[in-house]
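Undergrad: below: sequence and its predicted model.
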Amino acid sequence: MAKWTPLWLHKLSSPPVFYGFAGKLRPWAIALALILGIAALYGGLVLAPPDYQQGDDYRIIFIHVPCAWMSLFIYGVMGIAAFIALVWRIKLAEVVAMASAPIGASFTFITLVTGSLWGERMWGTWWTWDARLTSELVLLFLYLGVIALYHSFEDRRQGARTAAFLALIGIINVPIVHFSVNWWNTLHQGSTIRLLGPSSIAPSMIWPLLTMMAATKFYYFASLFGRARADLLSLESGKDWVRQIAENEVRR
Amino acid sequence: MNPTRQRRLTLIIAVLVAVTVAAALVVYALQQNMNYLFTPTQVQAGDATRYKNFRLGGMVKAGSIQRSNDSLKVTFTVVDAAGAMPVEYTGILPDLFREDQSVIATGHMDGARFVATEVLAKHDETYMPQELKDAMAKAHEGKHIDESATPDKQQL
């Protein structure tokens, strides 16, 4: 490990330390995801007023948009982990990248399904080959490709590194999905929430959206921690620290 | 950093740069010829002549919607900042279809008319309750700004 990485980060990348750390944080992440998710659903489906144009139909936004954000965010995490895995061959980075793929694929799938339902009601079509929809579909295929490639190798570490390469190359699709609505004439509307400049959504509608965004993030971390812990145990099954955990389990 | 890692890092960065350049060129090229839709101005300028079927996008002109009494036939005018195009459509329109709404019609030219086989409604990225919309409309009335006339994010 290079000298410029802080010691705590170096320590955290060791499987037994991360195993303990993730195990401690996971219940908190699950609790926060549940509480925030329920609050956001109540806020979005009950408290928020109907839209002037779309009436109650717009409420699917509280699922659709947070899932779409997560589909891109998780790909970003997976891409960075893949990069670290390829250059430094850190086992934890491989595990994080590979554990993220199914979660990201699920969020992408939910985005496509909810978008399709919304599109049928508002636009008048389930699907159209516009740039935003098509690039999001490509994102789903990239996730599925990463998962398939990972599982097509006998040696899991070799599979992880090969799939990490695909994940890394596919990261180019993330800005394309995000900016597709600006670069091309699309049926899909532009971004409602902007980091720079005012968002074009009323305050009574924005808070459930942002709450759901936080809830999906916590859900991702909870799910990632669970998957990574299981993967670490099976990858390191011969090591002392795993044997110790197994012995403790038996004794209990 | 040891030489092996250095080499891997260089290789991966080189691959990433290559992929980014390739993607940027593809995006640039597609911007030239992957138009999801043509605006009335573009159609009248002859941009769409090489397509038999294409999509026409724009705003439904206020007061231009005429429904037939004995069939599902509807005629309306789609406008953008500079052009206007009469459209004919037979079928069921989406719920959002109304005056001053962005629509995307798929079809072909028949003389100066556009005959649509599908009409989709496009909505913008603004969400607000009805009361806020009314309040804003009231505030705008004094200034004679027709909100619906402001072009969409897409260059209509």
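TA: Cool, the structure landed.
Undergrad: which strand or helix spans residue B:78?
TA: Following DSSP states H and E, one finds residue B:78 within strand B:73-79.
Undergrad: which other helices and strands contact that strand?
TA: Counting contacts by 3 or more Cβ pairs under 8 Å, 6 or more residues apart in numbering or on different chains; DSSP states H and E, strand B:73-79 packs against strand B:54-60, strand B:66-67, strand B:84-90. Quick note: C-beta positions are derived from backbone N, CA and C, even for glycine.
Undergrad: contacts for stretch A:8-25, please.
TA: Residues outside stretch A:8-25 that contact it (Cβ atoms under 8 Å, 6 or more residues apart in numbering or on different chains): A:1, A:90-93, A:221, A:225-226, A:228-229, A:232-233, A:235-236, A:239, A:241, A:245.
Undergrad: same thing but 7 Å
TA: With contacts defined as Cβ atoms under 7 Å, 6 or more residues apart in numbering or on different chains, stretch A:8-25 is touched by A:1, A:90-92, A:225, A:228-229, A:232, A:236, A:241.
Undergrad: for the residues you listed, which one is nearest chain B?
TA: Among the contacts of stretch A:8-25, residue A:1 lies closest to chain B (Cβ to the nearest Cβ), at 9.4 Å.
Undergrad: which elements pack onto the longest helix along chain B?
TA: Identified as the longest helix of chain B according to DSSP state H is helix B:3-33. Packing partners of helix B:3-33 (3 or more Cβ pairs under 7 Å, 6 or more residues apart in numbering or on different chains; DSSP states H and E): helix A:61-88, helix A:156-170, helix A:173-183.
Undergrad: quick one: buried residues of it?
TA: The neighbour-count criterion (16 or more other Cβ atoms under 10 Å in any protein chain shown) identifies B:12, B:16, B:27 as the buried residues of helix B:3-33.
Undergrad: closest one to residue B:36 out of the residues you listed, please.
TA: Of all those, residue B:36 sits closest to residue B:27, with 14.3 Å by Cβ to Cβ.
Undergrad: does the closest one touch residue A:184 like I think?
TA: No: taking contacts as Cβ atoms under 7 Å, residue B:27 lies outside contact range of residue A:184: 9.0 Å.
Undergrad: tell me the centre residue of chain B?
TA: residue B:57 (4.7 Å; Cα atoms, centre = their mean).
Undergrad: for residue A:184, which non-adjacent residue is spatially closest?
TA: Distances taken as Cβ to Cβ, 6 or more residues apart in numbering or on different chains put residue A:131 closest to residue A:184, at 4.2 Å, once the chain neighbours are dropped.
Undergrad: any idea how far residue A:176 is from the one you found?
TA: 8 Å (Cβ to Cβ, to the nearest Å).
Undergrad: what is the neighbour count of the closest residue to residue B:44 other than its chain neighbours?
TA: Closest residue to residue B:44 apart from its sequence neighbours, by Cβ to Cβ, 6+ apart: residue B:83 at 5.1 Å. Residue B:83 has 16 neighbours, counted by other Cβ atoms under 10 Å in any protein chain shown.
Undergrad: need the phi and psi values for residue B:83.
TA: Phi and psi for residue B:83, reported as degrees, to the nearest 10, are phi -120, psi 170.
Undergrad: can you pull the contacts of it?
TA: By Cβ under 7 Å, 6+ apart, the residues touching residue B:83 are B:39-41, B:44.
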